[in-house]
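>>> could you work out the structure for the sequence below:
(2 chains)
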Amino acid sequence: NAGVMQNPRHLVRRRGQEARLRCSPMKGHSHVYWYRQLPEEGLKFMVYLQKENIIDESGMPKERFSAEFPKEGPSILRIQQVVRGDSAAYFCASSPRGPEAFFGQGTRLTVV
Amino acid sequence: AQKITQTQPGMFVQEKEAVTLDCTYDTSDQSYGLFWYKQPSSGEMIFLIYQGSYDEQNATEGRYSLNFQKARKSANLVISASQLGDSAMYFCAIWTTGGSGYSTLTFGKGTMLLVSP
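Sure thing, here's the model as predicted:
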């Protein structure tokens, strides 16, 4: 039973490009959470999804950011028109239901 | 809103000694969970230990124990017999609904632990 898989591990984008971050939850987990970690900070909640539904996106910026968790396939966090301030580590966690939360290894996004 | 406070930005300890990393929390929920995660320089988040708010015994996992003092709203992590490989960033987090009906994790800013030979 593989853990939470995130890819890519590292992503470099130029300002104005789009970034797509993927997260495959653990088998049998239908809850996915995305967190962002800015340099030298703790993780901050962005969005909580269940299959085909966004449950809470209160931590996600209203502009340029979107997330989905389709019926088939991984969850995707999409950042359009990236800016330097988007540079961070983005972590995905999955859960069958609370309180367990298993984290992926993160995607480190660098915007140049 | 939920809040986690880790007042120690950094801690130093010698190998084989015990160290306590502080964590206080704030929540109005009656039911919640407290987590500690380790983040080494490679960046992944490694689950260490969990304490439920209704658990009467302090959680232990090998060399890790959680000193849970509910009245004081503290959940300190104790690492016994430190090893060089324990050098990492440590995050305390609370799992709670906050009245929303579903739970998410709120993290503290972390404590950097350095273990010296």
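>>> chain B contacts on chain A?
A:33, A:35, A:41-45, A:48, A:55-56, A:89, A:91, A:93, A:98-99, A:101-103, A:105-106, A:108 (Cβ under 8 Å from any Cβ of the partner chain). Using the backbone N, CA and C atoms, a C-beta is placed for each residue, glycine as well.
>>> if we use 6 Å, what do you get?
By Cβ under 6 Å from any Cβ of the partner chain, the residues of chain A that approach chain B are A:42-43, A:45, A:48, A:98-99, A:101, A:103, A:105-106.
>>> part of a helix, is residue B:85?
Yes: the assignment for residue B:85 by DSSP: H, G, I helix; E, B strand; the rest coil puts it in a helix.
>>> tell me what the closest residue to residue A:19 other than its chain neighbours is bridged to.
Excluding its sequence neighbours, the residue lying closest to residue A:19 (Cβ to Cβ, 6 or more residues apart in numbering or on different chains) is residue A:79, at 4.4 Å. Residue A:79 has these beta-bridge partners by DSSP bridges: residue A:19, residue A:65.
>>> how about the contacts made by the residue most central in space within chain A?
Centroid check for chain A by Cα atoms, centre = their mean gives residue A:34 as the closest residue, at 4.0 Å. Residue A:34 makes contacts with A:46-47, A:77, A:92, as judged by Cβ atoms under 6 Å, 6 or more residues apart in numbering or on different chains.
>>> restrict the residues you listed to the buried ones and give me that as a ChimeraX selection.
Paste this into ChimeraX to select the buried members of the contacts of residue A:34, with burial taken from 16 or more other Cβ atoms under 10 Å in any protein chain shown:
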select /A:46,47,77,92
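>>> how about CSV for the contacts of residue A:34, with pLDDT added?
Formatted as CSV, the contacts of residue A:34 follow (pLDDT from 0 to 100):
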residue, pLDDT
A:46, 95
A:47, 94
A:77, 98
A:92, 95
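>>> name the nearest of the contacts of residue A:34 relative to residue A:13.
Checking the contacts of residue A:34 against residue A:13 by Cβ to Cβ gives residue A:77 as the nearest, at 13.2 Å.
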